[in-house]
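Q: Give the three-dimensional model of this entry:
(chains A and B)
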Protein chains: 2
Amino acid sequence: MTQAAATTPASVQSFVDACRAAIGAAHVLTDPHDTAPFLTDWRRRYTGDACAVLNPANAQEVAALVKLAVEHGISLVPQGGNTGLVGGATPDASGHQAVLTLRRLNRVRDIDPHNNTITVEAGVVLAEVQARAADAGRLFPLSLAAEGSCTIGGNLATNAGGTGVLRYGNTRELCLGLEVVTPQGELWDGLRGLRKDNTGYDLRDLFIGAEGTLGIITAAVMKLHPQPAAQVTALAALASPHAALDFLALAQRMAGPLLTGFELMSDFCLRLVGRHFPQLRYPFADTHPQVVLLELSDSESEAHARALFEQLMEAALEAGIVDDAVVAESLAQSQAFWDLREHIPLAQAEEGLNIKHDIAVPISRIGHFIDETDAAIAQALPGVRMVTFGHLGDGNLHYNVQAPEGVDAKGFLAEHQEPINQIVYDSVHRHRGSISAEHGLGQLKIDEAAHYKSDLEVRLMQAVKHALDPLNLMNPGKVLR
Amino acid sequence: MTQAAATTPASVQSFVDACRAAIGAAHVLTDPHDTAPFLTDWRRRYTGDACAVLNPANAQEVAALVKLAVEHGISLVPQGGNTGLVGGATPDASGHQAVLTLRRLNRVRDIDPHNNTITVEAGVVLAEVQARAADAGRLFPLSLAAEGSCTIGGNLATNAGGTGVLRYGNTRELCLGLEVVTPQGELWDGLRGLRKDNTGYDLRDLFIGAEGTLGIITAAVMKLHPQPAAQVTALAALASPHAALDFLALAQRMAGPLLTGFELMSDFCLRLVGRHFPQLRYPFADTHPQVVLLELSDSESEAHARALFEQLMEAALEAGIVDDAVVAESLAQSQAFWDLREHIPLAQAEEGLNIKHDIAVPISRIGHFIDETDAAIAQALPGVRMVTFGHLGDGNLHYNVQAPEGVDAKGFLAEHQEPINQIVYDSVHRHRGSISAEHGLGQLKIDEAAHYKSDLEVRLMQAVKHALDPLNLMNPGKVLR
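A: Predicted coordinates:
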């Protein structure tokens, strides 16, 4: 394996100078005032330093910068909208790395309604992809909280999930082709818009989810879907996560692929929302241990979707799976139901810092996982409050642990984060789950991932990394040590 | 890169002896009578030789055999149901390779209806996976002509397509986790049944579609879907592939994800079926240039599906996209429509050998591709007959060229296969398509794939291959030189 040249202050300076010559001094930021927004992650857990923030205009400039990085032995940290949750786009503290932001690669290169594809550069903001698809009468179904500022390149690098996965899959399943600058600064044109292509190894899916450690994604061909005629939501009140699983099976049988959302919210989540956002009305007369939000996306009509919901709720009430239900009667009410769900992260933030987990288990294990893990945490730390909600239809929970009522959140986190993580991740591991369902590893979960993976799997990943990036210049210290 | 030990007759014999000791002499076939069925591919284009056909009972025995292969420098050719169309499972002529058949790894290890997953060993026949899913009230949607004898391991190794891709994706999209024996004989347990898992590189998708060149898939967790309440088909007669594209867009808008099949059949295909299978009735009063077969999979009822079809056909007739249409009125009639489609490959075989292509282009390009390529072929070889049919909804055509009426097929193939391939593949390349949409590369298309891919893409594939299989013992001479 070739080694990178040793990084010295002189080589760093000469790299920065060469970047200025390559893409123009105005696009090589070094003033601390200019670079600061790129050096701290969205959750403000990590702050790094950088010799420069590079702001290239196009894929050719990205390739040129990567070649310069190789020449000078400088490692690069690609960054999209800087909305990641695991510090994957934040440089280390050395000041020898450079951040490479893709924000100026923001063109929609092509939209092909008959092929149901859109070709976008990495820096296009997710909401813009959605809007451009809608303009062409199509749906781009990736949807998540940060959609107003995250970029499609970041979504691809982290294989982002969100609320549409049940029906449409993760970002990986929405991508048909990529353009990537390799760690050697070559430009791979894999921008194919094909549903079927069996001509070799799946390089596309290797770059997706690699968090910039195998190359820099500069553009992608993304799948579009027909726009549904109507989207209608409903809420169902249930006794337990186990009941929610039975309900999911029933809803999938009766609604098939029209079911596009199935989100679980515990009563405590809704009480937090009620406490901090009292304008959002609790939708049932009585309180219930769990509430599920369902969404149907119907290609016929709103009336058809509502009728289908009525049938489903009737069957579920009759079977004793669901205790109460309400189907939205207007677009405004559908939005109000989503508002409840979307205010949970905000409400918990108002309540104070908590210990967050983004975990997945096989859907069939969710009830057991919650029962066992809740019990273990309650035993270890009596009085803590579980903020459990998420994408039940995908087996993905945001399983967060809030300090006991009245306890200082900062002190609670400092003292208990590690042992709580261990309880949760051990439980996830027993249920053959994932400790990072949709957020990636970044620098936050790198050691935990290595701990729970087999040695063989880590070695396979290292072999791939070394094969593609032998100098370890692409976002080193993320995903893998 | 380490080099494999030189293969000598002595090392071959000592390998075979060691295999006998490892898995029992009864499972190491060397008698030509026993090995013959494993040495010729399904289309009888390739016949190889092998020092032995190894028939292990489980993944541990596969791992032991791979370790022996490494020790003795013997290369292995994994084989499933031996139904591949590109010679990917046939050994070379040296007699120094060993075929490793996965047929005894035929257990369904687990079925989890709440998680919508089935865990199967590589040697389970596809039809058996479908049947076991149906027993549990679920649908396993992968479906293709060889389903009675192909195995799920082979489907995964080639990322098989088939008739359900429009709605459910290729085999890759149906797989959640894998168990793989690496080229070093280690057993990777990646049998995760998760919809979301962002904890590192996508090793799963690297092994899928690699045709056994990166390791041997021994088991997989496959996705199941709810069983639809009804499947109904219809036929529509149209003027051209261009009209078929407009019809596809309309059908997707009106039926959304209920549309699970959209197959194009040219008039010549149907005339061939009529000639060789006169019992299959042509469904329209007049002949039309193109016929599309549609399938709806409805979670409500047959009546609902039929009503939706009626609305769709009315809209299409009114818009002048479709010239005539017939909706199946019974399960028997639905099957009769599929029979027409499924008899096309049989009818062309009756007509005589032809030059076959399994190509894909962006769906929006299909009309232009057919127009241009038909014209180029007609100019090069007046009188040839185009057998054009396939999965239009996926942009995937079986674009076959039959000798002119009365011309000897064998002589035609011998003389014209290469120049015809070049016309077709050049046209595919111009339209940014794939020269192997669903069959893989095997040994048949290995040079053509390298020719049409960029040097960089070939080098990236080689880097991955060398990283995982530095001794080049896993199915060498397939996918990559």
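Q: Can you dump the C-alpha atoms of the helix or strand hosting A:Gly154 in CSV for me?
A: Following DSSP states H and E, one finds A:Gly154 within helix A:152-157. Extracted as CSV, the C-alpha positions of helix A:152-157 are listed here (Å, rounded to 0.1, in the frame of the first residue of the first chain):
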residue,chain,number,x,y,z
ILE,A,152,-29.0,15.1,-2.4
GLY,A,153,-25.3,14.3,-2.3
GLY,A,154,-25.4,14.1,1.5
ASN,A,155,-28.5,12.0,1.3
LEU,A,156,-26.7,9.6,-1.0
ALA,A,157,-23.5,9.6,1.0
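Q: helices or strands up against that helix?
A: Judged by 3 or more Cβ pairs under 8 Å, 6 or more residues apart in numbering or on different chains; DSSP states H and E, the packing partners of helix A:152-157 are strand A:76-79, helix A:126-135, strand A:216-223. No exception for glycine: its C-beta is placed from N, CA and C like everyone else's.
Q: could you redo these as CSV and give each row mean pLDDT?
A: Compiled in CSV, these are given as follows (pLDDT from 0 to 100):
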stretch, mean pLDDT
strand A:76-79, 98
helix A:126-135, 98
strand A:216-223, 98
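Q: any chance of those in JSON lines, plus mean neighbour count and distance to A:Gly88?
A: JSON lines is the format used below for these (neighbours: other Cβ atoms under 10 Å in any protein chain shown; distance: least, Cβ to Cβ, whole Å):
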{"stretch": "strand A:76-79", "mean neighbour count": "27", "distance to A:Gly88": "9"}
{"stretch": "helix A:126-135", "mean neighbour count": "18", "distance to A:Gly88": "17"}
{"stretch": "strand A:216-223", "mean neighbour count": "27", "distance to A:Gly88": "13"}
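Q: got CSV for the ones you listed, with distance to B:Asp323 too?
A: Converted to CSV, the helices and strands packed on helix A:152-157 look like this (distance: least, Cβ to Cβ, whole Å):
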stretch, distance to B:Asp323
strand A:76-79, 52
helix A:126-135, 32
strand A:216-223, 31
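Q: Quick check: which element contains the residue sitting nearest the centre point of chain A?
A: Centroid-nearest residue in chain A, with Cα atoms, centre = their mean: A:Ala160, separated by 3.4 Å. Assigned by DSSP H and E, A:Ala160 belongs to no helix or strand.
Q: close enough to count as contact, A:Ala234 and A:Ala328?
A: Yes - between A:Ala234 and A:Ala328 there is a contact at 6.3 Å, judged by Cβ atoms under 8 Å.
Q: tell me, what's touching these two both at once?
A: Residues touching both A:Ala234 and A:Ala328 (Cβ atoms under 8 Å, 6 or more residues apart in numbering or on different chains): A:Phe337.
Q: picking that back up, report the buried residues of the helix holding A:Gly154.
A: Neighbour counts over helix A:152-157 (16 or more other Cβ atoms under 10 Å in any protein chain shown) mark A:Ile152, A:Gly153, A:Gly154, A:Asn155, A:Leu156, A:Ala157 as buried.
Q: Could you confirm whether the helix or strand just after that helix reaches chain B?
A: Using DSSP H and E, the helix or strand that follows helix A:152-157 towards the C-terminus is helix A:165-168. Yes - using Cβ under 8 Å from any Cβ of the partner chain, helix A:165-168 reaches chain B at A:Val165, A:Leu166, A:Arg167.
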